[in-house]
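>>> Sharing a sequence plus its predicted fold:
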Amino acid sequence: MSASAGLGFSGGTGCYRMSRIEIWKVFGAAVLVTVAITVPSLAGDDKEQAKQDGKQFEALQHDLDRRADLWMRRQACPADLFQQDQTLFSRWDLTRDYTVGECEADPAACLKGCFDDGNEDACFQLAYIHQQNAPKALSRYSQALFAQACAAGSDGGCTNRAAGILRGTTDDEPFLAKVDQAPSCVFRSFEVTCDAGDAWGCTMLGWQYTSGEAVAVDTAKARAAFEKSCAISPDFVACDYARMELERLNTPDGAD
């Protein structure tokens with residue numbers, strides 16, 4: 001699944017904060033959507049349907065609560081998780097694709113595809129629909145599923161999990177207690193996903209090189225990462241952000 005300055009790590013609270021320009025607040029939400037598709041809310045006008053949807057989410061969450069290995073993956077750095085559990089079928093690109101609509105309509109089927117079959121798409125789409133529709137207080141489930149997708153071989157899953165660590169998405173985020181490890185983990189994860197061909201991973205890597213949080217500022221490497229993002233997917237929103245950063249770097253004081 002493929003599809004910076006202003007990002008600081010707060011040692012006091014153990015979570016990342018936005019510190020320079022307002023656009024990164026927009027970006028913080030945008031990076032967690034790595035599929036270019038609009039998904040309708042699960043809770044529609046039909047109250048009965050909304051009730052059924054709520055029951056499906058509850059059943060999904062109860063199932064996930066019982067999976068100790070899932071929560072262990074959430075505690076691991078995405079860079080170290082990537083392809084850890086990838087099946088041979090997935091490695092040879094022989095697995096079926098799951099759509100957002102399929103997983104929205106039948107989460108149980110995608111849950112089976114994710115955990116029984118090791119299908120990275122099933123894991124990723126489950127994470128995505130949960131992220132889009134569940135309360136923020138329950139985002140630990142989407143983050144855990146992104147970690148599962150990452151382990152199954154989804155570069156987008158790894159990018160989204162790293163973005164969750166970067167944003168300190170939930171109060172129980174495991175990396176809040178790892179303030180000495182989180183910046184390096186986030187950088188390494190974006191480096192891995194950019195190398196794997198994920199456009200958002202490259203855009204995020206570019207921002208890492210402009211922020212100087214985990215590595216020394218390197219505008220040449222930042223430019224290369226931003227350019228690679230657009231080479232991977234020139235019409236994707238990740239490239240839109242990359243272009244904005246390239247424009248900033250190309251101004252007389254932009255690289256300062």
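Everything's here; your move.

>>> my read is Tyr98 is in a strand, agree?
No: under DSSP: H, G, I helix; E, B strand; the rest coil, Tyr98 falls outside any strand and is assigned coil.

>>> Wait, it touches Asp117, no?
No: between Tyr98 and Asp117 there is no contact under C-beta atoms under 8 Å: 10.1 Å. Placement of C-beta: from N, CA and C, glycine included.

>>> Those two: which is more packed in?
Using other C-beta atoms under 10 Å, the more surrounded residue of Tyr98 and Asp117 is Tyr98, with 22 against 16.

>>> Can you pull the phi and psi angles for the residue most central in space within the chain?
Nearest to the geometric centre of the chain sits Asn160, at 0.4 Å (C-alpha atoms, centre = their mean). Main-chain torsions, Asn160, degrees, to the nearest 10: phi -70, psi -40.

>>> show me where the stretch 101-250 of the chain has helices.
Here the stretch 101-250 of the chain has its helices, by DSSP state H, counting those that start in this stretch, at 107-115, 120-133, 139-152, 155-167, 182-195, 199-211, 219-232, 237-249.

>>> How much space separates Gln148 from Glu247?
Using C-beta to C-beta, to the nearest Å, Gln148 is found at 37 Å from Glu247.

>>> More neighbours: which of these two?
Gln148 (29 against 11).

>>> Leaving out the residues flanking it, which one is nearest to that one?
Spatial nearest neighbour of Gln148, chain neighbours left out: Cys123 (4.6 Å); criterion: C-beta to C-beta, 6 or more residues apart in numbering.

>>> before we move on, the earlier item: wait, isn't the residue nearest to the centre of the chain in contact with Gln125?
No: the pair Asn160 / Gln125 is not scored as a contact, 11.8 Å apart, by C-beta under 8 Å.

>>> Need the overlap of contacts for these two.
Applying C-beta atoms under 8 Å, 6 or more residues apart in numbering, one finds that no residue jointly contacts Asn160 and Gln125.

>>> where does the protein have low pLDDT?
Segments of the chain classed as low confidence (criterion: pLDDT under 70) are 1-55, 89-94, 169, 254-256.

>>> Just put the helices of the stretch 101-250 of the chain in JSON lines and tack on distance to Phe57.
Converted to JSON lines, those look like this (distance: least, C-beta to C-beta, whole Å):
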{"stretch": "helix 107-115", "distance to Phe57": "8"}
{"stretch": "helix 120-133", "distance to Phe57": "7"}
{"stretch": "helix 139-152", "distance to Phe57": "9"}
{"stretch": "helix 155-167", "distance to Phe57": "19"}
{"stretch": "helix 182-195", "distance to Phe57": "27"}
{"stretch": "helix 199-211", "distance to Phe57": "26"}
{"stretch": "helix 219-232", "distance to Phe57": "33"}
{"stretch": "helix 237-249", "distance to Phe57": "27"}
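
>>> Of all the ones you listed, which one is nearest Ala79?
helix 182-195 (3.8 Å; C-beta to C-beta).

>>> what's the angle between that closest one and helix 139-152?
Orientation check (axes from the mean of the first three to the mean of the last three C-alpha atoms, to 10 degrees): helix 182-195 against helix 139-152 gives 50 degrees.

>>> what's helix 182-195 packed up against?
Judged by 3 or more C-beta pairs under 8 Å, 6 or more residues apart in numbering; DSSP states H and E, helix 182-195 is in contact with helix 78-81, helix 155-167, helix 199-211, helix 219-232.
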